[in-house]
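Asks: Pasted the sequence and its predicted model underneath.
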Amino acid sequence: MKYLTLAATTFLATSAYADTPELVVYTYDSFISDWGPGPVIEKAFEETCACDLKFVGMGDGPALLARLKLEGARSDADIVLGLDTSLIAAAKQTGLFAPTDVTADYDLPIAWNDESFVPYDWGYFAFVHSTDLTPPHNFRELGESDIKIIIQDPRSSTPGLGLLMWIKEAYGNEAPAIWAGLADNIVTVTKGWSEAYGLFLEGEADMVLSYTTSPAYHIIAEEDETKVAAPFDEGHYMQVEVVGKLANSDQSDLAGAFMEFMVSDAAQSVLPTTNWMYPAIMPKDGLPAAFDQSIEPEKALLIPNEAVPALRKEALAEWLSALSQ
Amino acid sequence: MAFRAFAISKNTGISAATLVVLLILAALWAVLSRAEYGSGLGPAEWSAIHFTVVQAALSAGISTLLAVPVARALARRRFTGRGLLVTLLGAPFILPVIVAVLGLLTVFGRAGWLNMALAGVNLPTISIYGLHGVVLAHVFFNLPLATRLLLQAWQTLPAERFRLAAQLDLTPHAVFQSIEWPMLRQILPGTAALIFVMCLTSFAVALTLGGGPRATTIELAIYQAFRFDFDLSRAALLSLVQLVLAGSAAFLALWIIPSVSMGGGQDRARQRWDARGGVQRLMDGIAITIGALFLLLPFGAIITQGLAGLMVTPASVWQSAVTSVGVALCSVAVLLMLALPMAGWIATAKRGSVEAIGLFGIAASPLMVGTGWFILIHPITDPVLFALPVTALVNALMALPFVLRILVPPLRDTVQVYGRLSQALSLQGWPFWRWVVFPRLRPQIGFAMGLTGALSMGDLGVIALFADQDHTTLPLQMYRLMGSYQMEAAAGAALILLALSLGIFWIFDKAGRGHAQA
């Protein structure tokens, strides 16, 4: 009898557990850190969904995609959050993503009509420096100066890949010459954004590749107004971060609801001051005042998603040969 | 073979060795089986191979050469704190790389202590990135190791020779040429070879201080192939290159590598009549001071920054510290199960080609083994469940070659001396281990366990692939803290990691030696 009770309780416990569906979201590490948007979003979404939202951190954007390819159709993930415009084409080639019908009235500098991915925030890449430095106005000036910079590896980080595309889009066939000019300015090439930015703050370089919105972090979180982004007259390359649903998800409806949630005001209003990017849709209360101090690029650069893989291959080869000298 | 029966059965040893080979080959096969298109080795991969060999050669050469004056000075001088300094020489080897790099950055970084001092007296500053940085970090890890190996060799020189040299009134230069140089000629190639092999498979150092196309090691290229391009065929190909390169270098080195022993007995200086002159004193003083500063400043940096960081260390760090201790203890257990039978087999066989199998462990890319097992496990069950066992296993594999070097020589002696008697008493198998081997090898086993535990504690490689939020180890947690720019908390975590690594080493080593001295 005792065993029967035990068995029954176990059974009940399991089914009670099964009643709370679990939504698994693969994302990059900094999204789910204690200081990132993850904890706030998890709490807000769980209040509405009667579900258990589980974030799983997988390094940086490219690592996220690699992990997905490694797991293939058997992946536990329902949602992938944190791929960007440079990775969308590669992500689609896997055939793992489902189409979505989520739409919204986006405040993006470009028109958005992707059938699988929904944008949740965006930003411009820029070099960030201290106010005591006289910044260069473009890549040529930067290459001729002796300013030390830290960049990210385009093979393992989305800003690094963004810089590759930035120079390629702005200079086309002259890109190798630009890289050759930059080679002696580069202190080191880091694996991801976090390492690069950390080293910059430790004083290891004069400028670091980051976003135009990074100074807002220092103003709001640290009341430090000495960090600014340098406006480049070639224009600034854009990054749009997206969320997508996996075709093999066993929680398809819930996954759809989560994507809907990511473009709702509840999520959009926390992103600016946790992920330090522009929200995809302007929140009801607008942006914090510090964002007004961010530089507004003269020109927004973006290579169409489909063209990225071929260009990336070419630009990566140029980058490798310029920096191996 | 009846007349050549041994107290130790070969079968367990053979099974353990087969298991090691199978674990590695299965992983390689799994990676290859998922490889879709062959992109082969491009110029970037060749430059990675080139860089790997160049930095390993430089690191080995510089570490060994710099170790000569330091070891010579330590061998000739007696001073307060000498014993402590010699003990501390063992520390960098078991120091988690990620912690060491943090300390090195504080001292040698662009805004570090050294450059501040250089800038203060208007000298050009130095850069810690790229080839310089990788070699600097490797020298930091291996100079103390080389110094200990050389010091050990110096101690084997009979005191009588120096007495004779003094009677003949030889100049210090002549003493060096006639007594010390012949000894160095024997020991230097082996020491350099050992360091060369270890630097060939460097990953964490290159990941932090190298990076970029100019400073990529093979292991880092494997990581990039897995993490970004997801080019499994290239990853497998590079793993093979590394296996062959490091494997053959290790195999060649095996014949000249001195046996790794960090036991006691190096704390007594000999009477050296030739070293009495003022110039000699000055030179030795300079060598010891620079060597000690190079070693101790980064440690000081870790400790001072860490103490401040302990205040803001989040609870998750302590949680992962518990996990790390668990992984380290598992690694130690796995290691003993593999290493003891293998050492038994090698010790009873003629000169061991079997030991080469142990070297397989250092030559195989931990990332490749980890990914291979991920691919094998994933279709069957959730790999996260296996995160800790696989990490423990891979860490044990990495420590295996060192541990075999430590265990085999004394085990060979034991078998030679006690084999016949035990045979006559029918003391075989487990009872032989229990009553004959363990009491005699206690110091070496303790040392090996400490070494494995400490190495496993600081490892970052495999766990990054498997872990989710709930199963992080301390190094990974520290890396994530650095990633969210919580540098203070990361420094606190580094101090905890340092304390745990040295602590686990000290406890096992002490437990082994305490008995021997009693």
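Replies: The structure has been received and is ready for your questions. Numbers count the residues shown, from 1 in each chain, chains lettered A, B, ... in the order given.
Asks: from here on, contacts and neighbour counts on C-alpha atoms
Replies: Noted.
Asks: which bits of chain A sit near chain B?
Replies: Taking C-alpha under 8 Å from any C-alpha of the partner chain as the measure of proximity, chain A contacts chain B at A:29-30, A:33, A:35, A:56-58, A:62-63, A:65-67, A:69-71, A:74, A:153, A:155-156, A:187-191, A:194-195, A:197-198, A:202-205, A:320, A:323-325.
Asks: 7 Å - rerun?
Replies: Counting by C-alpha under 7 Å from any C-alpha of the partner chain, chain A comes close to chain B at A:30, A:33, A:56-57, A:62-63, A:66, A:153, A:155-156, A:187-190, A:194-195, A:198, A:203-204, A:320, A:323-324.
Asks: now the stretch 201-325 of chain A, which segments are flagged as low pLDDT?
Replies: Of all residues in the stretch 201-325 of chain A, those with pLDDT under 70 make up the ranges A:325.
Asks: thinking again about what came up before, just the buried residues from the residues of chain A next to chain B, in PyMOL please.
Replies: A single PyMOL command selects the buried members of the residues of chain A next to chain B (16 or more other C-alpha atoms under 10 Å in any protein chain shown):
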select buried, chain A and resi 30+33+56+57+62+63+66+153+155+156+187+188+189+190+194+195+198+204+320+323+324
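Asks: Counting only strands, which of the residues of chain A next to chain B make the cut?
Replies: If you go by DSSP state E, those have A:56, A:57, A:187, A:188, A:189, A:190 in strands.
Asks: Look at the residue lying closest to the last one once chain neighbours are set aside and report its pLDDT.
Replies: Okay, so that is residue A:190. The spatial neighbour of residue A:190 that comes closest, neighbours along the chain excluded (C-alpha to C-alpha, 6 or more residues apart in numbering or on different chains), is residue A:152 at 4.7 Å. pLDDT, residue A:152: 90.
Asks: if we can go back for a sec, tabulate the ones in strands among the residues of chain A next to chain B (a markdown table), appending pLDDT.
Replies: Shown next, in a markdown table, are those (pLDDT from 0 to 100):
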| residue | pLDDT |
| --- | --- |
| A:56 | 86 |
| A:57 | 82 |
| A:187 | 87 |
| A:188 | 85 |
| A:189 | 87 |
| A:190 | 83 |
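Asks: Can you tell me which of these comes closest to residue B:383?
Replies: Checking these against residue B:383 with C-alpha to C-alpha, the nearest one is residue A:56 at 13.7 Å.
Asks: hang on, isn't the closest one packed against residue A:26?
Replies: Yes: between residue A:56 and residue A:26 there is a contact at 4.8 Å, judged by C-alpha atoms under 7 Å.
Asks: that older thread, of all the ones in strands among the residues of chain A next to chain B, which comes closest to chain B?
Replies: Nearest to chain B among these: residue A:189, at 4.8 Å, using C-alpha to the nearest C-alpha.
Asks: The closest one pairs with what?
Replies: Residue A:189 has the following beta-bridge partners by DSSP bridges: residue A:151.
Asks: what sits against it?
Replies: A:150, A:151, A:152, A:153, B:211, B:212 (C-alpha atoms under 7 Å, 6 or more residues apart in numbering or on different chains).
Asks: Output stretch B:208-228 as CSV - backbone C-alpha positions only.
Replies: This file holds the C-alpha atoms of stretch B:208-228, laid out as CSV (Å, rounded to 0.1, in the frame of the first residue of the first chain):
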residue,chain,number,x,y,z
THR,B,208,42.8,35.8,-23.8
LEU,B,209,46.1,37.3,-24.8
GLY,B,210,46.4,36.1,-28.4
GLY,B,211,43.4,36.0,-30.6
GLY,B,212,43.2,37.6,-34.0
PRO,B,213,44.8,36.1,-37.1
ARG,B,214,48.3,36.8,-35.9
ALA,B,215,48.2,34.9,-32.7
THR,B,216,46.0,31.9,-33.1
THR,B,217,47.1,28.5,-31.8
ILE,B,218,45.8,25.2,-33.2
GLU,B,219,43.6,24.6,-30.2
LEU,B,220,42.1,28.1,-30.6
ALA,B,221,41.5,27.5,-34.3
ILE,B,222,39.7,24.3,-33.3
TYR,B,223,37.6,26.3,-31.0
GLN,B,224,36.8,28.9,-33.7
ALA,B,225,35.9,26.1,-36.1
PHE,B,226,33.5,24.6,-33.6
ARG,B,227,32.0,27.8,-32.2
PHE,B,228,31.5,30.0,-35.2
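Asks: ok, that stretch near chain A or not?
Replies: Yes: counting by C-alpha under 7 Å from any C-alpha, contacts between stretch B:208-228 and chain A involve B:211, B:212, B:213, B:214, B:224, B:227, B:228.
Asks: Next: stretch B:132-148.
Replies: No: for stretch B:132-148 and chain A, the contact criterion (C-alpha under 7 Å from any C-alpha) is not met; the two come no nearer than 10.3 Å.
Asks: How about residues contacting that stretch?
Replies: Residues lying outside stretch B:132-148 but in contact with it, judged by C-alpha under 7 Å, 6+ apart, are B:55, B:58-59, B:62-64, B:67, B:70-71, B:89-90, B:92-93, B:191, B:195, B:205-206, B:209-210, B:295.
Asks: got the CA coordinates for that stretch in CSV?
Replies: Output in CSV follows, covering the C-alpha atoms of stretch B:132-148 (Å, rounded to 0.1, in the frame of the first residue of the first chain):
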residue,chain,number,x,y,z
HIS,B,132,54.7,38.7,-26.8
GLY,B,133,51.8,38.2,-24.5
VAL,B,134,51.4,34.5,-25.2
VAL,B,135,55.1,33.8,-24.7
LEU,B,136,55.2,36.0,-21.6
ALA,B,137,52.3,34.1,-20.0
HIS,B,138,53.9,30.7,-21.0
VAL,B,139,57.2,31.8,-19.5
PHE,B,140,55.3,32.8,-16.3
PHE,B,141,53.8,29.3,-16.1
ASN,B,142,56.9,27.3,-17.2
LEU,B,143,59.9,29.3,-15.9
PRO,B,144,59.2,28.1,-12.3
LEU,B,145,58.7,24.5,-13.5
ALA,B,146,62.0,24.6,-15.4
THR,B,147,63.7,26.2,-12.4
ARG,B,148,62.5,23.4,-10.2
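Asks: Now that stretch: buried residues?
Replies: By neighbour count with 16+ other C-alpha under 10 Å, stretch B:132-148 contains the buried residues B:132-148.
Asks: what separates that stretch from the chain centre, distance-wise?
Replies: How far stretch B:132-148 lies from its chain's middle: 11 Å, per C-alpha atoms, centre = their mean, to the nearest Å.
Asks: Please name the residues that touch residue B:199.
Replies: residue B:56.
Asks: can you do 8 Å?
Replies: Counting by C-alpha atoms under 8 Å, 6 or more residues apart in numbering or on different chains, residue B:199 touches B:55, B:56, B:59, B:60, B:138.
Asks: got the domain boundaries for chain A?
Replies: What automatic domain parsing lists as the domains of chain A is A:2-122+A:239-292, A:123-238+A:295-324.
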